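[1] pasting the sequence and the predicted model now:
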Amino acid sequence: MIRLENLTKVFDTPDGAVVAADHINMEVPRGKICILLGPSGCGKTTTLKMINRIIRATSGKVFIDGQDTAELDTQELRRNIGYVIQQIGLFPNMTIEENITVVPKLLGWDKARYRERARELMRMIALEPDAFLKRYPKELSGGQQQRIGVARALAADPPVMLMDEPFGAIDPINRAVIQDEFLKMQQELNKTIMFVSHDIDEAIKMGDRIAIFRSGKLIQHSSPDDLLASPVDEFVESFLGEDRALKRLHLVKVRDFISSCIGTVKPTDSMETAQARMQEYGYTVGIVMVNDHNQPIGMISRAMTQITSGYCGDHFENLPAMAHLDDDLRKVVSLMFAHDLVWLPCVDDQGHLHGHITQRSITHHLGARYRVQADHDAVAGE
């Protein structure tokens, strides 16, 4: 959907020419998010701004959906690209509705259509239309203004969006909430997005592809998984940090990793049954007790089965934590550490049990990924 071909920008300064972007070649597939990442002054923002001609390229080409954008009028180009910046850039003298509908009005939409679009987008960003559309930006919090900035960029339903550190000025709690909401929106909208960030954790969380820049050059462009497993040089490796193996936990969801083979008991089962089932499944800690709807309601510990007779429903303990199918492994590991656990039952939105996940399996999974990459690199070196 987006293709950059030898895109270059040279700034003339009193001290001579400065190459801000040096023959950048990259592609962003349709419906994917590509994060441009790197230290300050590395060329990522310059590259982004050349796409919608906020900065004019010195040389090279930009293609959107196969069309050379040099053939397009600048205004036409920009109206078909959503643009979100860190400073938000809302017009202070306009209401929220007027801010959101600026581009649709310029495109000639009728009043009923653009007003309904504003209401639709407000619902999408989890802000009540009747409560916010007639307000002015100064009446909203920073996080709410940032959501409006995203809504305005989406107003004319552009196929491409450019985002320049859009969540960088928001506090960590609200930033995480807005990131999650944006990813949910993207699942429905399927936009092609280029997104400048300086935060490696944000890049891993949000990007389908990550492009690492240094001194105006594109150093590596790959999936987050490949980037973490196989940085191309020492600069990329140091930029990712020494905990890059742990960062990969963000990329794996419980539903993709769960072991569905799990033994359970019910409240009406005897403690002898619980003990036998633990032995059958090789459980050393305990076994999950479920109700008639296969929802976990407690746990029978192995120690308890060895000293107590009777029924499971009379001797169960509360489960300290459970994992959700849509949780990533980083959250799972955090829960395990917080509650001193080596395994967690895994449930869906209705609380139905689907399986379990263990510390050992997570460790093996991470190790296997890097062992495969190390073997691949060794073969390539030969």
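    Nice, I can see it.
[2] what about the nearest residue to residue 339 once chain neighbours are set aside, how many residues nearby?
    Among residues not flanking residue 339 along the chain, residue 320 sits closest, at 4.3 Å (CB to CB, 6 or more residues apart in numbering). Glycine gets a C-beta too; all of them are placed from N, C-alpha and C. Residue 320: 13 surrounding residues under other CB atoms under 10 Å.
[3] just checking, residue 320 touches residue 345?
    No: counting by CB atoms under 8 Å, residue 345 is not a contact partner of residue 320; they are 10.7 Å apart.
[4] tell me which element residue 188 falls in.
    In the assignment (DSSP states H and E), residue 188 maps to helix 172-189.
[5] tell me how far residue 209 lies from residue 328.
    18 Å (CB to CB, to the nearest Å).
[6] so what's residue 68 closest to, chain neighbours aside?
    residue 61 (5.8 Å).
[7] what's the next secondary structure element after the helix or strand containing the one you found?
    Taking DSSP H and E as the definition, residue 61 sits inside strand 59-64. With elements assigned by DSSP H and E, the helix or strand that comes after strand 59-64 is strand 67-68.
[8] and the helix or strand following that next one, how far from the chain's centre?
    Remark: after strand 67-68, the chain's next helix or strand is helix 74-79, criterion DSSP H and E. The chain centroid and the centroid of helix 74-79 are separated by 29 Å under CA atoms, centre = their mean, to the nearest Å.
[9] and helix 74-79, what other elements does it pack with?
    The contact analysis (3 or more CB pairs under 8 Å, 6 or more residues apart in numbering; DSSP states H and E) places helix 74-79 against no helix or strand.
[10] partners of whatever helix or strand comes next after it in the sheet?
    Downstream of helix 74-79, the first helix or strand assigned by DSSP H and E is strand 81-85. Sheet pairing for strand 81-85, assigned by DSSP bridges, gives strand 160-164 (parallel).
[11] which of the residues in the strand it pairs with are buried?
    160, 161, 162, 163, 164 (16 or more other CB atoms under 10 Å).
[12] what mean pLDDT does that strand have?
    Averaged over strand 160-164, pLDDT sits at 92.
[13] what of stretch 13-25?
    92.
[14] what about it, distance to the chain center?
    Counting by CA atoms, centre = their mean, stretch 13-25 comes out at 32 Å from the chain centroid.
[15] same deal with stretch 64-82?
    Put simply, stretch 64-82 sits 27 Å off its chain's centre (CA atoms, centre = their mean).
[16] which residues touch that stretch?
    If you take CB atoms under 8 Å, 6 or more residues apart in numbering as the criterion, stretch 64-82 is touched by 1-2, 51-53, 61-63, 103, 106-107, 153-156, 158-162, 191.
[17] show me those residues that map onto helices.
    Counted as lying in helices by DSSP state H, out of the contacts of stretch 64-82, are 51, 103, 106, 153, 154.
[18] now the buried members of those.
    For those, a neighbour count by 16+ other CB under 10 Å gives the buried set as 51, 103, 153, 154.
[19] centroid residue for the protein?
    residue 206 (2.5 Å; CA atoms, centre = their mean).
[20] let me know the pLDDT of that residue.
    92.
[21] how near is it to residue 309?
    As for residue 206, its distance to residue 309 is 54 Å (criterion: CB to CB).
[22] do residue 315 as well
    9 Å.
[23] find residues that contact each of these two.
    Common contacts of residue 315 and residue 309 (CB under 8 Å, 6+ apart): residue 271.
[24] which one's more surrounded, the two?
    Neighbour count, other CB under 10 Å: between residue 315 and residue 309, residue 315 has more, with 19 against 10.
[25] wait, that one sits on residue 304?
    Yes: contact status for residue 315 versus residue 304: in contact at 5.5 Å, counting by CB under 8 Å.
[26] give me the common contacts of those two.
    In contact with both residue 315 and residue 304: residue 271, using CB under 8 Å, 6+ apart.
[27] contacting residues around the residue located most distally from the centre of the chain?
    Distance from the centre of the chain peaks at residue 309, with 48.8 Å (CA atoms, centre = their mean). Shown in contact with residue 309 (CB under 8 Å, 6+ apart): 270, 271, 272.
[28] that one belongs to a helix, doesn't it?
    No: under DSSP: H, G, I helix; E, B strand; the rest coil, residue 309 falls outside any helix and is assigned coil.
[29] do you know how far it is from residue 10?
    Taking CB to CB, one finds residue 309 at 83 Å from residue 10.
[30] for residue 331, what is the enclosing helix or strand?
    Applying DSSP H and E, one finds residue 331 within helix 329-339.
[31] what's next to that helix, contact-wise?
    246, 249-250, 252-254, 257, 320-321, 323, 341-344, 357, 359, 362.
[32] which among the residues you listed end up buried?
    Buried subset of the contacts of helix 329-339 (neighbour count, 16+ other CB under 10 Å): 249, 250, 252, 253, 254, 257, 323, 341, 343, 344, 357, 362.
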